[in-house]
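A.B. asks: Compute the structure for the input listed below.
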Amino acid sequence: MKVATAAYPLDWLDSWAQYEDKLSGWVAEAAGQGADLLVFPEYGAMELSTLAGVEAAGDLTRSIHAVSERMAEAAALHQKLAAEHRVHILGASAPVVESTTPPVNRAELYAPSGLRDHQDKQIMTRFEREEWGIAPGGPLKLFDTALGRIGILICYDSEFPLLGRAFAEADLMLVPSCTEALAGYWRVRIGAMARALENQCVTVMSSIVGRNDWSQAVDLNTGTGGIFGPPDKGFPATGVLAEGQINAPGWTYAEVDLTKIAKVRRDGAVLNRSHWGEQTPRSKADPVRFQ
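C.D. replies: From the prediction side, this is the model:
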């Protein structure tokens, strides 16, 4: 399969038609390059808050509700594009408000058949929990698709090995991200690459890029797209299948062969995935007096 992962700039939107044209153009471009799976970034849906005006887009609480109110329309558009272009799409994640519970950070996966389901972020960053009031959502899900088994670790979630290990049976782990600084980008990238090493699978990282002075939440963003595998047989020695240029908007593409994943799990130079259980099952190392 061919995977496309986005370095996605947010835009100020004056109309829904403008968003529809933008998303349609991005999907058509990737599909035109032969991509089977398209991965948009964390909080890429925040540009929808601009449709509610300057004051709503610039206010943390109001922007959450402005985006959440648009997600049904956004889902319908993604479903239409997935079917039209015969591609799977991980839509940009969004803060979603359901009932009286706190908002969650949710990414929707769309299949060309019309099926859709979502993955919620598990562990909140300091900004999400201390300032924005975003809460952990539903459990991790392993999606069994025509492209293979897919897991989704939204940004910060990729930095936690036990969450990654929950996807030991995944062929692909998608890591949509939103990182303000270069250090944040590298934290998520290192996490994504570590999960590919541990599980001997392919991880796909997408990013928001650019400045958005109209927002308190996504005002500055640093990143690029990247596709990573285990540095082992059948994969690049660096583990990097493809990477974009920092802060340059656009798609990054890579060919992914599931038979190579199966082969490296069966007969790699190392067998990290199979040897996971040999780790000492302790929460911390035993203290030893050494002075």
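A.B. asks: buried sites along stretch 227-239?
C.D. replies: Counting neighbours by 16 or more other Cβ atoms under 10 Å, one finds that the buried residues in stretch 227-239 are 227-232, 235, 239. From N, CA and C alone the C-beta is placed, and that goes for glycine too.
A.B. asks: Quick one: mean pLDDT for that stretch?
C.D. replies: Mean pLDDT, stretch 227-239: 98.
A.B. asks: chain center to it: distance?
C.D. replies: Taking Cα atoms, centre = their mean, to the nearest Å, one finds the center of stretch 227-239 at 20 Å from the center of the full chain.
A.B. asks: all helices for the stretch 101-250 of the chain, in order.
C.D. replies: 126, 161-165, 182-199 (DSSP state H, counting those that start in this stretch).
A.B. asks: now the ones you listed in CSV, with mean neighbour count, distance to Thr5 and mean pLDDT?
C.D. replies: Formatted as CSV, the helices of the stretch 101-250 of the chain follow (neighbours: other Cβ atoms under 10 Å; distance: least, Cβ to Cβ, whole Å; pLDDT from 0 to 100):
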stretch, mean neighbour count, distance to Thr5, mean pLDDT
helix 126, 9, 26, 95
helix 161-165, 16, 18, 97
helix 182-199, 20, 11, 98
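A.B. asks: Quick one: closest of those helices to Ala248.
C.D. replies: Ala248 sits nearest to helix 182-199 of all these, at 13.1 Å, using Cβ to Cβ.
A.B. asks: what comes into contact with the closest one?
C.D. replies: 153, 155-156, 158-161, 164-165, 167-168, 170, 173, 175, 177, 179, 201-205, 207, 222-224, 226, 228-231, 239, 246, 272-273, 276 (Cβ atoms under 8 Å, 6 or more residues apart in numbering).
A.B. asks: ok, and what's touching stretch 12-26?
C.D. replies: Contacts of stretch 12-26 (Cβ under 8 Å, 6+ apart): 6, 8, 11, 38, 40, 47-48, 50-51, 73, 77-78, 81, 212, 214, 251.
A.B. asks: can you give me the strands in the stretch 51-200 of the chain?
C.D. replies: 88-90, 94-96, 104-110, 116-120, 143-145, 148-152, 172-177 (DSSP state E, counting those that start in this stretch).
A.B. asks: tell me the mean pLDDT for the third one?
C.D. replies: Think strand 104-110. Computed over strand 104-110, the average pLDDT equals 98.
A.B. asks: buried set for that strand?
C.D. replies: In strand 104-110, counting by 16+ other Cβ under 10 Å, buried: 104-110.
A.B. asks: Which elements pack onto it?
C.D. replies: Packing partners of strand 104-110 (3 or more Cβ pairs under 8 Å, 6 or more residues apart in numbering; DSSP states H and E): helix 71-85, strand 88-90, strand 94-96, strand 116-120, strand 148-152.
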